[in-house]
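Give me the fold of what follows.
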Amino acid sequence: MKQQWLAVVLVLSLSLACSRPGTQQPSVTFQDDVAFLNKYTSVILLSSADSSAQVAVAPDLQGRVMTSTATGAAGQSFGWINRELIASGIPNRHINAFGGEDRFWLGPEGGQYSLYFAKGDPFDLEHWYTPRPFNEEGFIVLRRNPSSVVFSKRMSIRNYADFVFTLELQRTVRLLSRAELEQHAQVKLPAALPAVGFESENTITNIGEQAWKKETGLVSIWILGMFTPSPTTVIAVPYVAGAEASRGPVVVSDYFGAIPPDRLRIKDQAVFFKGDGLYRSKIGMPRSRVKPVLGSYDSALGVLTLVRFTLPEEARDYVNSQWRITDQPYAGDVANSYNDGPAYPGAKPMGPFYELESSSPAAALAPNESCTHRHATFHFSGDRNLLDQISLAVLGVSLNDFKTAFN
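Here you go, the predicted model:
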């Protein structure tokens with residue numbers, strides 16, 4: 001029985017959301033997803049007067065950006081939504097993997113300062129629990145207008161070292177204007193080019209009486225986006241060049257064992273990683289290598305997805321989320337990408353989905369001090385030459401680089 005139960009839990013872990021394979025295909029429209037969500041939870045729609053872009057946000061699902069569209073209600077829905085889990089109405093203490101393009105979490109996941117394991121518990125799936133405030137509880141809507149919404153949430157979380165973090169989160173989700181999209185894309189966008197962009201600004205404040213110190217553990221703001229995979233989706237993570245002797249390894253790739261070379265390639269300009277939802281794997285970019293951007297391209301659908309995030313120049317400490325006690329608890333990753341797939345031979349895919357993630361520096365906050373992390377997501381489709389210009393300007397890689405990365 002224990003082995004059977006662990007197998008069930010396995011498909012509910014952090015990067016292994018449970019859902020029927022193939023429940024959401026790229027043909028799903030934004031209005032289809034919004035109609036589904038409205039059956040089970042409240043939805044706030046953000047829109048802009050200068051475009052057909054829209055964003056769906058769910059206050060009761062921890063203020064997540066569930067999905068977005070560039071071309072209105074009948075347009076493609078870009079987010080991955082776990083319909084089976086949402087429709088079941090059955091909460092899971094390990095993880096409520098509802099999906100969504102932008103969700104708020106806190107790190108670290110594992111290690112001696114973990115927020116997901118109780119003091120003294122082994123680092124295994126049976127003892128792994130996502131903290132209730134951002135797993136099961138809704139966020140309060142403070143204010144909203146047509147293009148943005150502001151959430152608030154107070155929480156107390158005890159870490160593996162038995163230190164309690166008492167904090168207040170203020171989270172703003174904002175649909176970006178066309179002018180802001182052009183600024184981020186670094187090119188002039190024709191009015192007819194389908195595009196949508198949104199940003200979450202996440203601020204945590206220490207509202208407790210004790211300072212947060214390295215000796216008792218620090219936390220980081222962790223933003224994760226889940227997207228629908230395809231056989232033609234490739235992820236690109238640019239990196240800072242330099243010898244390993246001085247900068248260390250280019251990428252961390254041993255989360256779930258070695259990744260085969262036909263799924264992970266290190267090129268001169270970026271690390272390329274398959275986002276097909278067929279092979280469980282994860283990569284991370286350390287501080288010495290990271291650039292504040294990553295993205296993906298589906299060559300069949302012609303959709304370019306970009307993620308930008310804040311990367312303070314002076315910051316060096318990032319929490320380490322590996323599931324073990326480590327002698328480097330503040331040498332963790334800044335950006336991550338996860339590709340879903342069977343957890344063991346013969347198992348069904350867990351989503352399928354892929355993730356683009358970013359983290360803030362470790363927050364050493366005195367009482368009443370705050371830390372802010374911004375994470376922006378963009379989708380572009382349409383004219384391939386223009387998408388190529390955007391990809392080169394932002395990622396430093398061409399669409400052809402995506403397409404030929406594994407040739």
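
Can you read off the backbone torsions of A56?
phi -110, psi 120 (degrees, to the nearest 10).

doesn't Q31 make contact with it?
No. Using Cβ atoms under 8 Å, A56 is not in contact with Q31; the gap is 10.0 Å. All C-beta spots, glycine's among them, are computed from the backbone N, C-alpha and C.

Direction included, what does the helix or strand hosting L356 pair up with?
Following DSSP states H and E, one finds L356 within strand 354-359. Paired strands of strand 354-359, with direction, are strand 220-227 (antiparallel), strand 333-339 (antiparallel) (DSSP bridges).

Can you name the secondary structure element that comes next after the helix or strand of the chain with the lowest mean pLDDT?
Across the helices and strands of the chain, mean confidence by mean pLDDT, DSSP states H and E is lowest for helix 2-10: a mean of 35. The element immediately downstream of helix 2-10 (helix or strand, assigned by DSSP H and E) is helix 30-40.

Please compute how far that following helix lies from its chain's middle.
21 Å (Cα atoms, centre = their mean, to the nearest Å).

Stretch 256-264 too?
With Cα atoms, centre = their mean, you get 21 Å for stretch 256-264.

wait, what's in contact with V34?
V34 is in contact with V43, L45, A56, T67, A73, counting by Cβ atoms under 8 Å, 6 or more residues apart in numbering.

Swap in 6 Å and give it another go.
Contact analysis of V34 by Cβ atoms under 6 Å, 6 or more residues apart in numbering lists V43, A56.

and the gap between G396 and Y239?
10 Å (Cβ to Cβ, to the nearest Å).

ok, the two, which is more surrounded?
Y239 (23 against 16; other Cβ atoms under 10 Å).

The more buried one reaches R287, doesn't it?
No. At 11.3 Å, Y239 does not count as touching R287 under the criterion of Cβ atoms under 6 Å.

sorry, back to before: return the set of buried residues in the strand holding L356.
For strand 354-359, a neighbour-count test (16 or more other Cβ atoms under 10 Å) marks Y354, E355, L356, E357, S358, S359 as buried.

Now tabulate these in JSON lines and tack on distance to N92 and pLDDT.
Shown next, in JSON lines, are those (distance: Cβ to Cβ, whole Å; pLDDT from 0 to 100):
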{"residue": "Y354", "distance to N92": "21", "pLDDT": "97"}
{"residue": "E355", "distance to N92": "18", "pLDDT": "97"}
{"residue": "L356", "distance to N92": "23", "pLDDT": "98"}
{"residue": "E357", "distance to N92": "21", "pLDDT": "98"}
{"residue": "S358", "distance to N92": "25", "pLDDT": "98"}
{"residue": "S359", "distance to N92": "24", "pLDDT": "98"}
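
Of those, which is the nearest to L294?
Among those, L356 lies closest to L294 (Cβ to Cβ), at 5.8 Å.

Show me the strands in the stretch 301-407 of the chain, by range?
303-309, 333-339, 354-359, 370-381 (DSSP state E, counting those that start in this stretch).

Tell me how many other residues crowd D102.
Residues within reach of D102, counting by other Cβ under 10 Å, total 27.

Oh, that last question was meant for M155, not what I typed.
17.

Could you do the one 5 residues further on as well?
Other residues within reach of Y160, judged by other Cβ under 10 Å, total 21.

For the residue nearest to it when sequence neighbours are not counted, grab phi and psi.
In space, and not counting its chain neighbours, Y160 is closest to S114: 4.2 Å by Cβ to Cβ, 6 or more residues apart in numbering. The phi/psi pair for S114 (degrees, to the nearest 10) reads phi -60, psi 150.

Ok, the one 4 residues further on next?
A118 adopts backbone torsions of phi -80, psi 160, taken as degrees, to the nearest 10.

State the distance from it to F165.
Per Cβ to Cβ, A118 is found 15 Å from F165.

quick one, which of those two is more surrounded?
More neighbours surround F165 than the other of A118 and F165, with 24 against 13 (other Cβ under 10 Å).

I figured the more buried one hits R154, correct?
No. Contact criterion Cβ under 6 Å: F165 and R154 do not qualify, at 11.3 Å.

any chance of the strands paired with strand 354-359 in CSV, with mean pLDDT, distance to L169 and mean neighbour count too?
Listed next are the strands paired with strand 354-359 as CSV, based on pLDDT from 0 to 100; distance: least, Cβ to Cβ, whole Å; neighbours: other Cβ atoms under 10 Å:
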stretch, mean pLDDT, distance to L169, mean neighbour count
strand 220-227, 98, 9, 25
strand 333-339, 97, 20, 25
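
circling back: comparing A56 and Q31, which residue is more hemmed in?
When A56 and Q31 are compared on other Cβ under 10 Å, the one with more neighbours turns out to be A56, at 25 against 16.

could you say which helix or strand contains the residue nearest to that one when sequence neighbours are not counted?
Excluding the flanking residues, the one nearest A56 by Cβ to Cβ, 6+ apart is M66, at 4.8 Å. Using DSSP H and E, M66 sits in strand 64-69.

so that strand versus helix 30-40, what angle?
When axes from the mean of the first three to the mean of the last three Cα atoms, to 10 degrees is applied, the directions of strand 64-69 and helix 30-40 differ by 150 degrees.

Show the average pLDDT along strand 64-69.
Averaged over strand 64-69, pLDDT sits at 98.

Local confidence estimate at the residue nearest to S47 when sequence neighbours are not counted?
The shortest distance from S47 to any residue other than its chain neighbours is 5.1 Å, reached at Q54 (Cβ to Cβ, 6+ apart). Looking at Q54, its pLDDT is 98.
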